[in-house]
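Visitor: Any chance you can model this:
(one chain, ligands or ions: 1)
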Amino acid sequence: MGQLKEAFYEVASKSSIEIKEMLKTHGDTVVDTVTLSQIYQGMRGIIGLVTETSLLDSEEGIRFRGHSIPELVEKLPHIEGGTQPLPEGLFHLMMLGEVPTQEQVEHISAVWARRSHVPNYVFDAIEALPVHTHPMTQFSIAIMALQTESLFAKAYNEGISKKDYWDPIFEDTMNLIARLPRIAAYIYRRKYKNGDHIQPNGMLDWSANFAHMLGYEDEGFRELIRLYMTIHADHEGGNVSAHTTHLVGSALSDPYLSLAAGMNGLAGPLHGLANQEVIRWIEEMNRELDTDLPTKEQIAAYVEKTLKDGKVVPGYGHAVLRKTDPRFEAQQVFGKQYCADDKLVQTVWNIYEVVPPILSATGKIKNPWPNVDAHSGALLKHYGLMEEDFYTVMFGVSRALGVLASLCWDRVYAFPLERPKSVTTHQVKQWLNKEIPTLE
Ligand code: HAX
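Guide: As a prediction, this is how the structure comes out:
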């Protein structure tokens with residue numbers, strides 16, 4: 001693993017020195033102002049974090065180290081004869097800022113395959129849970145069970161110097177990413193396939209091996225998983241899963257503790273669980289209408305009913321984006337290539353035509369366009385992965401790439417404990433009435 005690790009430390013420590021220099025000169029430069037609305041309403045738009053791995057533009061969507069999703073699909077290495085990017089390549093890009101060669105990507109695949117062994121007590125911990133436990137809960141508990149393996153926790157107990165923290169954090173990152181597909185597949189086969197588990201195939205790339213352990217050998221499905229694992233990996237630092245992982249990591253909780261915390265955030269319906277909710281919403285609509293291909297008029301009426309019932313239309317809206325999510329578009333491109341005649345996929349596209357004007361007409365929804373979760377479930381269903389409760393676990397396996405890469409950067413940067421200031425409404429009122437001079 002020397003190659004990536006040494007190159008990462010060189011790049012990250014160079015950047016760390018530049019930041020120290022920058023802060024010496026500009027540390028007191030004022031960046032922005034904060035309004036009361038921002039304090040009360042989810043801190044939207046407040047710049048308070050540095051995340052190197054990706055950057056989200058509200059109009060353009062996500063860029064990973066400057067590369068848009070269509071660019072990644074084209075530039076990142078593929079398997080021989082394939083068209084979809086290998087997520088190993090994205091991980092390299094997030095760690096080093098450079099598009100890797102085929103050989104570098106194959107090296108990461110081989111390292112992750114070598115490190116993928118999961119101790120039996122992790123499976124025992126999963127087995128101790130009732131089978132009906134939500135897969136995301138099982139996933140989070142399994143990551144926690146695996147925490148005994150943390151090299152960072154061990155090194156900290158043994159008195160590691162601050163300047164060396166990044167090293168065991170890097171090792172934990174590589175070990176965790178290597179093992180997550182095995183854990184996720186175990187949960188899937190336990191819950192939905194009567195515990196008929198499939199052993200890993202170390203000759204396959206990370207995504208194809210994941211597909212294999214889930215029980216899907218179709219090359220189209222493997223390509224889908226490569227794309228899925230790439231586009232879900234990162235969405236800059238402020239989203240709930242990334243921010244939580246970063247925040248918990250700032251207490252020097254090890255990568256296992258930090259990632260499990262991030263996964264608990266991803267499990268919320270306004271975040272990653274939306275991929276499950278989208279499919280449930282469509283299937284409920286189809287059941288009510290007794291059809292598998294509702295007309296646009298029927299969809300429009302169902303959207304109106306959803307809003308009237310005080311519910312959100314899952315898969316639509318975003319806290320930052322103000323246009324169609326390029327991750328949705330990338331999946332649409334894939335769908336057109338591989339499964340354009342699938343009725344559920346067509347329904348997703350019909351919903352895309354119907355929903356934005358209705359949401360816009362409410363006058364209060366800032367982004368009426370679809371996000372990543374509006375599309376993903378329909379593609380998975382096309383290949384026979386029918387169990388939508390599992391979809392957020394797949395998202396979680398991918399998201400680990402970005403949030404753990406960022407955790408490595410955090411530790412080279414020696415970011416301190418994160419601790420923003422909160423206020424009370426009583427204090428705010430006093431300040432507005434000029435009874436106190438500031439909110440500090
Ligand atoms: N359907 C109905 N109402 C919606 C809506 C939607 N899809 N999106 C936003 N709204 C509502 C909000 O609930 C809010 O209503 P109230 O004023 O009554 O509270 C109002 O519109 C303003 O919200 P906003 O400022 O436009 O959106 P937020 O930044 O507050 O929220 C959300 C962003 C993603 C949480 C929101 O759009 C939503 O709930 N969408 C549906 C769930 C979803 O798809 N989540 C996945 C997001 C992407 C992601 O993280 N994936 O993992």
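Visitor: Skip the chain neighbours and tell me the closest residue to Glu440.
Guide: Lys421 (7.4 Å; CB to CB, 6 or more residues apart in numbering). Quick note: C-beta positions are derived from backbone N, CA and C, even for glycine.
Visitor: OK, contacts around the nearest residue to Trp206 once chain neighbours are set aside?
Guide: In this structure, Trp206 finds its nearest non-sequential neighbour in Trp112, 5.2 Å apart by CB to CB, 6+ apart. Residues near Trp112 by CB atoms under 8 Å, 6 or more residues apart in numbering: Glu88, Met174, Ile177, Ala178, Trp206.
Visitor: Are we agreed that Trp112 is in a helix?
Guide: Yes. Assessed by DSSP: H, G, I helix; E, B strand; the rest coil, Trp112 belongs to a helix.
Visitor: For His78, see how far away it is.
Guide: 17 Å (CB to CB, to the nearest Å).
Visitor: The closest residue to Phe415 other than its chain neighbours: neighbouring residues, count only.
Guide: With sequence-adjacent residues excluded and distances taken as CB to CB, 6+ apart, Phe415 is closest to Ser250, at 6.2 Å. Ser250 is flanked by 17 other residues according to other CB atoms under 10 Å.
Visitor: coming back round to it: now the residue nearest to Trp206: how far from the ligand?
Guide: To the ligand, Trp112 is 24 Å away according to CB to the nearest ligand atom, to the nearest Å.
Visitor: Now Trp409: which helix or strand?
Guide: Assigned by DSSP states H and E, Trp409 belongs to helix 391-412.
Visitor: Determine whether any part of that helix lies close to the ligand.
Guide: No. Using CB under 6 Å from any ligand atom, helix 391-412 never reaches the ligand; the gap is at least 6.8 Å.
Visitor: Show the subsequent helix or strand relative to that helix.
Guide: Assigned by DSSP H and E, the successor of helix 391-412 is helix 425-432.
Visitor: mind checking how far that next one is from the chain centre?
Guide: Centre-to-centre, helix 425-432 and its host chain are 37 Å apart (CA atoms, centre = their mean, to the nearest Å).
Visitor: got the buried residues for it?
Guide: Buried positions in helix 425-432, judged by neighbour count with 16 or more other CB atoms under 10 Å: Trp431.
Visitor: Convert the C-alpha atoms of that helix to PDB, please.
Guide: Extracted in PDB, the C-alpha atoms of helix 425-432 (Å, rounded to 0.1, in the frame of the first residue of the first chain):
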ATOM      1  CA  THR A 425     -33.800  32.400  22.100                       C
ATOM      2  CA  HIS A 426     -33.900  34.400  25.300                       C
ATOM      3  CA  GLN A 427     -30.400  35.700  24.500                       C
ATOM      4  CA  VAL A 428     -31.400  36.500  20.900                       C
ATOM      5  CA  LYS A 429     -34.400  38.500  22.200                       C
ATOM      6  CA  GLN A 430     -32.200  40.400  24.600                       C
ATOM      7  CA  TRP A 431     -29.800  41.200  21.800                       C
ATOM      8  CA  LEU A 432     -32.600  42.300  19.500                       C
END
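Visitor: ok, and the closest non-adjacent residue to the residue of the stretch 251-400 of the chain found nearest the ligand?
Guide: The nearest approach of the stretch 251-400 of the chain to the ligand comes at Gly317, 2.1 Å away (CB to the nearest ligand atom). With CB to CB, 6+ apart as the criterion, Gly317 has its nearest non-adjacent residue at 5.2 Å, and that residue is Asn367.
Visitor: how about the helices in the stretch 101-250 of the chain?
Guide: Here the stretch 101-250 of the chain has its helices, by DSSP state H, counting those that start in this stretch, at 102-114, 120-127, 135-145, 151-157, 166-192, 206-214, 219-231, 240-250.
Visitor: how about the ones you listed, which one is nearest Tyr413?
Guide: Nearest to Tyr413, of all these, is helix 166-192, at 8.9 Å by CB to CB.
Visitor: Tell me what angle the closest one forms with helix 120-127.
Guide: Inter-element angle recorded for helix 166-192 and helix 120-127: 40 degrees (by axes from the mean of the first three to the mean of the last three CA atoms, to 10 degrees).
Visitor: helices or strands next to helix 166-192 in the packing?
Guide: helix 2-26, helix 102-114, helix 120-127, helix 135-145, helix 151-157, helix 206-214, helix 255-266, helix 391-412 (3 or more CB pairs under 8 Å, 6 or more residues apart in numbering; DSSP states H and E).
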